[in-house]
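**Q** Sharing a model that was predicted from the sequence below.
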Amino acid sequence: MKNYLSIFLFIFSGFLFAQVQDADDLSKDLVKGKEVKPSIDLYKIYSLEKDTTYADTSMSLKNEYKYNYLRKDIFGLLPFANEGHTYNILNFGLIRKSVSPSFGFTAKHFNYLESRDIKYYSVPTPFTELYYKTVMEQGQSLDAFLTINTKPNLNFSIAYKGLRSNGKYINNISSTGNFRFTSSYFTKDKRYFLNSHFTAQDISNQENGGIIDVSLFESSEDPYNERDRLDVYFRDATSLLKGNRVFIDHSFKLNKSNPNCLVFTHQFSSEYKFFEFRQTTPSARFGDSFSSTINNKTRFNTLYNKFSVGYKTKNLGSLDFFIDDTNYNYYYNSVVYGNSGNIIVPNSVSDRINMAGGNYTYFANKLIAKLQVAQAITNQSISNIEASAKYSINSDYQFEFQYQKLNSLPNLNYTLNQSRYIDYNWANNFKNEKLNQFSFSALTKWLNASVQYKVLNDHLYFDNTTNDITILNVKPMQYDKTINYLSINANKEIKFWKLGLDVTVLYQKVDQASDIVNVPELTTRSTLYFSDHVFKKAMLLQTGVTFQYFTKYYGNDYNPLIGEFYVQNETKIGNFPMFDFFVNARIKQTRIYLKAEHFNSSITGYNFYSAPNYPYRDFMVRFGLEWNFFK
């Protein structure tokens with residue numbers, strides 16, 4: 001990872017000094033001998049779907065919510081005790097499904113950047129952002145980013161996010177790295193567009209399996225208020241998720257000036273990743289093993305190509321047809337034999353999927369409507385239908401409707417798994433998962449609200465067959481009945497004088513014959529804050545208190561051997577308040593953050609858990625900053 005960073009920093013230093021100071025589009029204008037800085041809306045950030053935002057150096061409550069390891073608002077996610085570990089999902093509506101089978105090991109992918117997560121840029125001057133935040137013990141979290149246009153139509157960006165944190169508990173070190181390099185280009189006649197990126201990511205965690213005696217944690221009497229005195233299940237286990245990806249998305253418009261034209265598009269992705277679990281001494285908690293040491297490694301290669309031809313019109317929208325090709329190989333370097341010498345667990349699952357479909361997008365003055373249909377033309381019997389409509393009356397009133405009908409293949413670790421632990425070897429032939437999903441959202445000046453309704457059939461999940469937390473024999477299961485899920489989310493921010501109150505409430509309800517999808521009925525977050533300019537308006541100060549809470553429920557437990565959460569119905573978590581006190585300041589393009597996290601932990605009792613046997617974070621004070629440079 002360090003080699004990638006050194007190479008690209010050397011390349012970028014050449015770009016920086018060779019940047020074209022071309023007058024009209026990107027350079028600084030001179031007015032009466034004085035430099036005029038480009039406006040902030042010229043620093044554009046856009047996604048693969050061409051949704052555009054702008055560089056944000058403001059000090060707002062939204063930025064406070066995004067100031068964390070994932071760099072996004074994590075309402076609905078419950079972090080584990082150490083930074084860079086996993087998150088328990090409180091909001092089931094956050095779970096996303098894809099039509100093609102994914103690698104699996106989903107508990108290790110929260111910080112793994114997929115193709116849809118990568119952003120592209122266009123800037124008039126070099127733009128840099130530095131993120132820094134202290135961690136729990138002996139380490140730091142850093143995200144450094146630089147983007148530059150060497151020409152008006154050619155942009156490069158380079159970024160690296162690194163983390164090391166020892167944590168408070170035994171065998172709990174997190175060490176991660178996310179390297180990103182992007183490039184964007186278009187011809188001067190704007191007929192050809194290119195976006196591409198390369199990522200190299202590694203997410204390593206020491207895995208302790210949680211604390212053994214929760215009564216010692218809940219009493220927190222000396223010496224057990226020192227968390228490294230609490231005994232844990234594993235002292236020598238480590239997991240590692242690592243992957244590299246090359247991605248290209250480019251298009252060519254047949255006509256130069258005619259608004260009605262044909263557009264040819266090609267998308268390419270090549271990715272290799274693996275998940276590894278190592279343990280020096282086998283643990284009886286996972287059952288018997290084949291060997292005296294554990295070294296499980298699951299590998300995954302995927303090659304993706306998508307070709308489409310579309311027709312764009314000025315008044316009737318755009319219509320395109322596509323065909324894509326997905327070629328994947330999920331594999332091990334061995335097979336598992338039965339007692340009679342036959343192979344009971346093969347070494348790989350590989351397949352080739354071809355899908356055909358179409359997209360239609362309609363733009364009106366206040367309406368954007370989209371429809372996408374995709375169907376496998378090979379023998380996998382998978383399909384996806386998505387429809388959406390967004391209507392904007394004005395900036396105060398916006399409404400959006402979405403619908404999806406998905407028939408998808410199981411994640412590959414449901415189908416095949418090999419391990420040195422005997423009970424963690426399986427080869428399954430599950431049915432496709434089916435999903436019908438409706439959602440509606442309204443953004444108004446009075447209230448922001450959204451409703452989501454899901455109907456799940458043949459839902460896949462992991463379950464502990466022993467119903468005993470001390471013995472983990474976790475297997476993939478398929479639920480043969482229908483699950484109905486409903487969520488209602490409401491948010492309102494009220495401002496008066498220099499005070500603000502932001503309240504978010506999430507209500508969830510599940511209708512099912514067995515407790516498979518477990519969620520807290522109520523999850524809430526409220527922030528009361530004060531904002532004002534001080535020191536003759538040289539500094540913007542923001543300070544306040546954030547309260548978070550979710551009702552008790554049978555929260556999913558975490559199994560580090562397979563990098564997944566599993567369903568359990570023996571131990572409830574929740575019903576504990578979380579108070580954070582923060583003081584933030586902005587000086588020019590620098591934002592400074594100081595927070596006392598969970599400062600009520602010793603007052604309201606030590607019954608707080610992120611998952612059974614995995615405590616939530618104790619009180620701690622953390623400091624950090626975000627620093628932007630525009631040249």
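**A** It's in.
**Q** for the stretch 401-550 of the chain, what spans make up the helices?
**A** Counting by DSSP state H, counting those that start in this stretch, residue ranges of the helices within the stretch 401-550 of the chain are 412-415.
**Q** Alpha carbons of stretch 107-121, in CSV - could you do that?
**A** C-alpha atoms of stretch 107-121 as CSV (Å, rounded to 0.1, in the frame of the first residue of the first chain):
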residue,chain,number,x,y,z
ALA,A,107,-19.5,-7.5,8.3
LYS,A,108,-16.0,-6.7,7.0
HIS,A,109,-17.2,-4.5,4.1
PHE,A,110,-18.5,-1.3,5.9
ASN,A,111,-15.2,0.5,5.0
TYR,A,112,-14.7,-1.3,1.7
LEU,A,113,-15.3,1.2,-1.1
GLU,A,114,-17.3,-0.3,-4.0
SER,A,115,-17.4,1.2,-7.5
ARG,A,116,-20.5,3.2,-6.7
ASP,A,117,-18.8,4.8,-3.7
ILE,A,118,-15.9,6.4,-5.7
LYS,A,119,-16.3,10.1,-6.6
TYR,A,120,-14.9,12.1,-9.5
TYR,A,121,-13.9,15.7,-9.7
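**Q** for that stretch, which positions count as buried?
**A** Judged by neighbour count using 16 or more other Cβ atoms under 10 Å, the buried positions of stretch 107-121 are 107-114, 118-121. The way it works is simple: take the backbone N, C-alpha and C, and place the C-beta from them, glycine included.
**Q** Likewise for stretch 313-324?
**A** For stretch 313-324, using 16+ other Cβ under 10 Å, the buried residues are 317-320, 322, 324.
**Q** Just the local confidence number for residue 23, please.
**A** According to the predicted model, the pLDDT of residue 23 comes to 34.
**Q** Would you mind giving both backbone torsions of residue 219?
**A** Recorded main-chain torsions at residue 219 are phi -80, psi -40, according to degrees, to the nearest 10.
**Q** The nearest residue to it once chain neighbours are set aside: neighbour count?
**A** The spatially closest residue to residue 219, leaving aside those adjacent along the chain, is residue 606, at 7.3 Å (Cβ to Cβ, 6 or more residues apart in numbering). Around residue 606 sit 20 other residues, with neighbours defined as other Cβ atoms under 10 Å.
**Q** What residues does residue 606 make contact with?
**A** With contact set as Cβ atoms under 8 Å, 6 or more residues apart in numbering, residue 606 has these partners: 217-220, 615.
**Q** Of those residues, just say which sits nearest to residue 85.
**A** Comparing the contacts of residue 606 against residue 85 with Cβ to Cβ places residue 615 closest, at 11.9 Å.
**Q** Mind checking which of the buried residues of stretch 107-121 land in helices?
**A** Among the buried residues of stretch 107-121, none falls in helices (DSSP state H).
**Q** Model confidence at the residue most central in space within the chain, what's the number?
**A** For the chain, the residue lying nearest the average C-alpha position, counting by Cα atoms, centre = their mean, turns out to be residue 110 (4.6 Å). Residue 110 is assigned a pLDDT of 96 by the prediction.
**Q** doesn't residue 72 make contact with it?
**A** No: using Cβ atoms under 8 Å, residue 110 makes no contact with residue 72, being 10.3 Å away.
**Q** Quick one: the helices in the stretch 51-200 of the chain, in order.
**A** Under DSSP H, counting those that start in this stretch, the stretch 51-200 of the chain gives helices at 61-66.
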